[in-house]
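Colleague: this one's sequence-less:
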């Protein structure tokens, strides 16, 4: 039995980790970390766990936690883990970090976009970017996983097949993404109140969102080119789900069939990526509560552009689900273990 | 491996049966019945099942189906099953009926409230009302289960402990219930359109809702009294969930603690019923996607009334989940098998 | 031109006052009070007023404000106005108080239910409870209006015709109410976050809600009896709207038609109260954004109870709209002036 | 008093026309046309009009209607008006057509994109495209107005200032738009049911949406170039609102300030277009229920692209509001008459 600890268990991603791990046959959760609710029953914060979890919330003592568990999940604010992670801890437990602290390899770029100093730059190099469908083999050998952001997961996987083949002009790439409100976190802020979000849609962080460099890094790596994109996130009045609609000009001549086949080929062995039939556009509801990524692509001969679409559940494949997928790889388990949740509709 | 067939698989309850049974280790679904979508891929109707279900939808041939499976779930319009069910079919397969056809023992009452003639009254007597927490032993021996309605499940289980003890005046009982929109079904009707339901709440079928006699029958059975209630359902702009808020005058003197203990006592061995701590009121979100019933009770000394509250997911414990719970009992399996889904938040 | 000031202009009720008064031909707003946003542009907080309101938010200086305006609206936390209101201020300007400070005539009762000391009990007697359809003549002569709560407005008006006639047993009265989330205010609290409210319903403040004594007072006044009720509010995932479903036993023999006629009679000259045809139940969407109260009643011969239903927009008739209706009466204007907004659907 | 008739009064745009015209001091509605509800009370279909509209719904007799009114609004399915409109009718009454029948000047293009034959091509030339902020003077002299589509209104107005100046490369233009569900109409179709739309987002009609040629025509006209765009609409779980996020490469060197000033300049006299401060992105909630268009623009030096954003209420400025704005121009009234509704929040 793998022993797991969670730092930040009372955030939306943290509690989703609990939901998933309760159904994982090889894991038991030993530590429900939550600074805000120390000594309160975890199930009193998230009533869905009534009679399923009896534990109290604990503080964030990473050192002590590392002694007691095999794997630590950190669902913490940016900069927090970078400030306390040490070689010592990594010797004792594997770490899957759901924050952005180790996702950007270039420290300077990280510091620019996040506006904070990175306190453990030495560990960045070692960290493996945990996009399983791209870096599976490296993940298996890692100690420290930088679990991908929700937008980068959805964007990268829906663009990768064409980026990899050099069939799209990476200089024309525009990603217009839409997210459910759980992506904004559980902080008590006026803009996240029900009556501020409901019955409205808006773009935010236009041309400045922190996931931009993360997406660019991944697509640069995959395409072998230096990629610069426009990425615009939008806030949608729904709990869960991310939809990314991406546009790029086609390079060379490729039939709609060829283009589609690139997706079938790349994902034929990927359980969690579903290439939809025909021109069916992905809908976030079809993946809700699951670790699936639904993708599709459409070629527009009028403009010679491709429209690439992807849908994920932002707290599952976009956070907690992918974190468990990474854990499974780290510990040599079946990658799907604990992650066979069927999407829930309606 | 138990072979199961579903009639009405493309309704909301039908597809929830599919979601649950895909995770049930002892069952395989052999028949996805759906008159409206015959020969279409089931997953093309409910995209959540993409790459999980390859089957085509089939017609409603109950006879043929009974030859091929061990258990038939019918999620069909009122009167449909009563018109085609026969002794022959019941000899070949067990039937769990999610419609109301066999829930009311008094044919006349059924015909009055439902406004249709009952075509197989002889089978009513045999049918067992499948509220597992009340009729567990009878269910185990049955061939035909009348799976309870969503409102009756939620109402009965939240009132039963006090009704059973005779601690409330059954003549004063008022049930004010609120349901998510999936309870209205998947028919293409204007009143169920997004823009008609969203941002509004209303009562409907005031003093005439068909679940009234079903609730009265169950509470009469449990209390040993002839019960007549007011039951008012409301339509709430959310997908899933039922909340029942019930009121009755207390009979005799019972402290708040005694009252609460009645619930603890009755449900201490019931995995699916969770009696909430203190005065925490149930919220439908805490049971979403699960088979749980959350209940609590509050005594108001100012009026000498008790307020009894219950929350369920209307398509899980209120329909498909309870149907599988019944199936488990029918086949001697662990009652919880396939039903350990942790509620999903947010 | 009447000069108006608003204290608490950046709450949901406060900004609704602004919306309404901008369309009122006899009023100009001179003071947009908001402690939290002093010196910020009001339209930067509520973007709907972009290019419509240029003013900055001001502090809460009631004395100064009273010098500059004819009427003051206070949409402030409980206890705030009672702590600063003086005879002097009332000499200079009329006050319409949207808080509960002057609604309960019995100071002790106020202090018990609200848990705070009342700082200006001397003014309670003078204050007129501003339910226009009940107290119109008194309002016209008042200086200080206690603007009714949202639940009391909806409950009282939907029950009044039968309470007034003594046709219902006031000891059996149960009010089960449902409110949109704007009723919870604009404070940054976790329970009001989008992802905590969306897709769920719950009861709250069961048997302890502060609107209980207010409703009891009004119904006692109207019925001439000492009334004690059960009142249970519920939180509904929608922005605006309150629905009250009330139950009581009929006293004496009255046909359904007679009962309905009581409503027609009492409200035939009330522009803002609409008695719905037949048994059409009120829906909150039909009154959204307007000052209307939609009511209907149904008699259930099976239980000899009446079900009384009412729907309002909680921030309009339940707060800001009624406040303007009161202001119109205070200043001898047409009661409907500025309040002819047609409900907005969908 | 201008007499108005509405064909299609029980659709979402039709009933919004009623809401707006009830508040218009110079208009009275004489004809509530609705094939589906002939002889039923209009207010029984849309309960918001209870006690405000007593009329019954009438059939679609355009000839008879033209005799009785000065202006006809047609909110009808594509192809319907083109099949019955005649010179005779236009001699008797002005027509504001909310369908797409006269929006596309090139009949062939219309027939290709709409898949129907145009039955009155001779009238296309006469029709004036009713985007008031662009074609004001032509509208004033017209008899037949092609009221713009919702997406084209929002897209064109948010792009026009830069298109007009030739500052963006029209070949790089991509419009990613998001719409509330009222845009899908009031037809009883499964995909528009509450439980199918709620808690999900999807793109639809990717690269094939019929508003594409309409937007291209307008932007070609404004820019003097032959424009070909990618336009992708998305369905959002909310009632009202359209947000358009558009991307194009900058041509020449223009500072962020210059770019912003283009908007201020073009819209400084346009009451209904609000250029937002700084980099504030438009939100649909700030325009809900009003005729406003909120726009803003952001330059991204990293990619040399501009992101142009616009928000409207799809049934007001995107349909009924703009139709009334056109009517005001047609009849020489103040363009804002009846359209000063303040956006309603929340």
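Modeller: The structure has been received and is ready for your questions. Keep in mind that this is a model prediction, so the values were computed, not measured.
Colleague: just say helix, strand or coil for the residue of the stretch 201-346 of chain A at minimum distance from chain C.
Modeller: Using CB to the nearest CB, the single residue of the stretch 201-346 of chain A nearest to chain C is residue A:239, 5.2 Å away. For every residue, glycine as well, the C-beta is placed using N, CA and C. Here residue A:239 is coil, with the state taken from DSSP: H, G, I helix; E, B strand; the rest coil.
Colleague: show me what contacts the residue in the stretch 101-250 of chain A positioned nearest to chain B?
Modeller: Using CB to the nearest CB, residue A:239 is the residue of the stretch 101-250 of chain A that sits closest to chain B, at 4.4 Å. Contacts of residue A:239 were listed using CB atoms under 8 Å, 6 or more residues apart in numbering or on different chains, and they are A:180-182, B:346, C:194-195, C:198-199, D:199.
Colleague: now with 6 Å, please.
Modeller: With contacts defined as CB atoms under 6 Å, 6 or more residues apart in numbering or on different chains, residue A:239 is in contact with A:180, A:182, B:346, C:195, C:198.
Colleague: check residue A:303 too.
Modeller: Here residue A:303 is in contact with D:228, D:230 (CB under 6 Å, 6+ apart).
Colleague: where does the stretch 101-250 of chain A come near chain B, residue by residue?
Modeller: Proximity of the stretch 101-250 of chain A to chain B is confined to A:182, A:239 under the rule CB under 6 Å from any CB of the partner chain.
Colleague: circling back to that earlier point, what pLDDT does the residue of the stretch 201-346 of chain A closest to chain C get?
Modeller: In this model, residue A:239 is scored at 98, pLDDT.
Colleague: next, count neighbours for the residue nearest to it when sequence neighbours are not counted.
Modeller: Distances taken as CB to CB, 6 or more residues apart in numbering or on different chains place residue B:346 nearest to residue A:239, at 4.4 Å, with adjacent residues excluded. Residue B:346: 25 surrounding residues under other CB atoms under 10 Å in any protein chain shown.
Colleague: over to residue A:55?
Modeller: 15.
Colleague: look up how far residue B:268 lies from it.
Modeller: 21 Å (CB to CB, to the nearest Å).
Colleague: now do the SS call for the residue positioned nearest the centre of chain A.
Modeller: Closest residue to the average C-alpha location of chain A: residue A:318 at 3.1 Å, with CA atoms, centre = their mean. When classified by three-state DSSP, residue A:318 comes out as helix.
Colleague: just residue A:299 next, same as before
Modeller: Strictly by three-state DSSP, residue A:299 counts as strand.
Colleague: ok, it - contacts?
Modeller: A:256, A:259, A:306.
Colleague: let's see it at 7 Å
Modeller: A:250, A:256, A:259, A:306 (CB atoms under 7 Å, 6 or more residues apart in numbering or on different chains).
Colleague: my guess is the third one meets residue A:305, correct?
Modeller: Think residue A:259. No: Residue A:259 lies out of contact with residue A:305 (CB atoms under 7 Å); the separation is 11.3 Å.
Colleague: so the two - more neighbours on which side?
Modeller: Each of residue A:259 and residue A:305 has its neighbours counted (other CB under 10 Å); residue A:305 has more, 24 against 20.
Colleague: is it true that that one touches residue A:247?
Modeller: Yes: in this structure residue A:305 lies within contact range of residue A:247 using CB under 7 Å: 5.6 Å.
Colleague: who touches both of these two?
Modeller: residue D:230.
Colleague: kindly state the pLDDT recorded for residue A:264?
Modeller: For residue A:264, the model assigns a pLDDT of 98.
Colleague: give me the element it is part of.
Modeller: Using DSSP states H and E, residue A:264 sits within helix A:256-267.
Colleague: that helix packs against which elements?
Modeller: helix A:150-165, strand A:273-275, strand A:293-300 (3 or more CB pairs under 7 Å, 6 or more residues apart in numbering or on different chains; DSSP states H and E).
Colleague: and it with strand A:293-300, angle?
Modeller: 160 degrees (axes from the mean of the first three to the mean of the last three CA atoms, to 10 degrees).
Colleague: which residues are in contact with helix A:256-267?
Modeller: With contact meaning CB under 7 Å, 6+ apart, helix A:256-267 is reached by A:160-162, A:165, A:273, A:275, A:295, A:297, A:299, A:306.
Colleague: what comes up buried for that helix?
Modeller: Judged by neighbour count (16 or more other CB atoms under 10 Å in any protein chain shown), helix A:256-267 contains these buried residues: A:259-260, A:262-263, A:266-267.
Colleague: with stretch A:150-167 instead?
Modeller: A:150-165, A:167.
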